[in-house]
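J.: got a structure for you, letters missing:
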């Protein structure tokens, strides 16, 4: 069992599960910075719960096994990381998802039962029209 930290969330990784909850990092000063961080973590969890319903990503997203009320905590099956060896990684083609759910980078993929799935697909920063935060880092034409 160990912890992994992202920008907005902390993940408790157990033998069988990945438990995602808001990070307690401070982005800004005092209570305001702490509240911003917690809110962003909850929004990230909400985005991943909502993404489960989009048919264009069906089968490519790591499933959510449980979500607390308000999406403060979500639980997913633990995935294996992609191989770090360049040759081994090349043998695992990553699907090109359009529009990409969240940051499209190799670190956001894992292997579930031997097949690649997105393990981090928070849509809050990618300009998705279903984004609850109002953040728009990509063009408004991006359709989810």
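T.: Perfect, thanks for sending it. None of the values given here were measured: they were computed from a predicted structure. Residues are numbered from 1 along each chain as shown.

J.: For the chain, give the helix that spans the most residues.
T.: The longest helix of the chain (DSSP state H) is helix 30-51.

J.: Could you identify the helix or strand that succeeds it?
T.: strand 66-67 (DSSP states H and E).

J.: ok so, going back, and the longest helix of the chain, what other elements does it pack with?
T.: strand 9-13, strand 17-22, strand 74-77 (3 or more CB pairs under 8 Å, 6 or more residues apart in numbering; DSSP states H and E). Heads up, the C-betas are built off the backbone N, CA and C, glycines and all.

J.: and the residue nearest the centre of the chain, which of the three is it?
T.: Geometric centre of the chain, nearest residue: residue 120, 2.3 Å, by CA atoms, centre = their mean. Under the three-state scheme (DSSP: H, G, I helix; E, B strand; the rest coil), residue 120 adopts coil.

J.: so who does it touch?
T.: 6, 102, 103, 107, 108 (CB atoms under 8 Å, 6 or more residues apart in numbering).

J.: Tabulate those (JSON lines), appending distance to residue 81, pLDDT and neighbour count.
T.: Output for the contacts of residue 120, formatted as JSON lines (distance: CB to CB, whole Å; pLDDT from 0 to 100; neighbours: other CB atoms under 10 Å):
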{"residue": "6", "distance to residue 81": "14", "pLDDT": "84", "neighbour count": "16"}
{"residue": "102", "distance to residue 81": "17", "pLDDT": "80", "neighbour count": "22"}
{"residue": "103", "distance to residue 81": "16", "pLDDT": "80", "neighbour count": "14"}
{"residue": "107", "distance to residue 81": "8", "pLDDT": "87", "neighbour count": "11"}
{"residue": "108", "distance to residue 81": "11", "pLDDT": "91", "neighbour count": "20"}
